[in-house]
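Asks: Mind looking at a prediction? Sequence and model below.
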Amino acid sequence: MAALRVPLHAILSRAGPSSARLLLPLHAHLVVSGRLAASPAVITSLVSLYARGPAALHPAVPLLLPASAPPPLPCFNAALSLPHALALPLFRRLLAAHSPDAFSFPPLFASAPASPNLLALHALALRFGLAHDLFCASALLRAGA
């Protein structure tokens, strides 16, 4: 991949599922150039692209989150937009490394497969003090509708 003339954050923020064929070469470039390890924002953007990409790329998301040094909370939050079966183990890893915030629960509410799962997640959000957070509450209402 030739030298990037467009700022990296612009590429990562504008890329969508239609440009998923560029995702793997971009990922390779970031690893080789050292930019992936140097910037938590780049890791978060890359995780978000994988999560929004084709379903075939979803299993790669947990591999992007290193186990040795936990990634920042926004990186986990970006990964939680995966389908529930993939997001739940990542949420457990998030709980081991960080305290969840208001952006951690809405993707889980949206992907919960059944009411008991939704109720359990709601109880957990309450336990973390997010009872009065409007972002969480609106996501919970949308998921329960």
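Replies: Sure thing, it's come through.
Asks: Tell me which stretches of the chain form helices.
Replies: With helices called from DSSP state H, the chain shows them at 8-14, 23-33, 35-38, 40-52, 61-64, 73-79, 84-97, 105-111, 115-127, 134-144.
Asks: which of those helices sits most buried?
Replies: helix 73-79 (a mean of 23; mean count of other C-beta atoms under 10 Å). For every residue, glycine as well, the C-beta is placed using N, CA and C.
Asks: Report the mean per-residue pLDDT for that helix.
Replies: The pLDDT scores in helix 73-79 average 94.
Asks: gap between stretch 63-71 and the chain center?
Replies: Here the centre of stretch 63-71 is set off from its chain's centre by 13 Å, with C-alpha atoms, centre = their mean, to the nearest Å.
Asks: And it, what's buried?
Replies: Buried residues in stretch 63-71, counted by 16 or more other C-beta atoms under 10 Å: 64, 65, 71.
Asks: Pick the one among the residues you listed closest to residue 110.
Replies: Taking C-beta to C-beta as the measure, residue 110 lies nearest residue 65 of those, at 20.3 Å.
Asks: Once you drop chain neighbours, what's closest to the closest one?
Replies: residue 71 (5.1 Å; C-beta to C-beta, 6 or more residues apart in numbering).
Asks: Settle this for me: that neighbour is touching residue 43, isn't it.
Replies: Yes - counting by C-beta atoms under 8 Å, residue 71 touches residue 43, with 5.9 Å between them.
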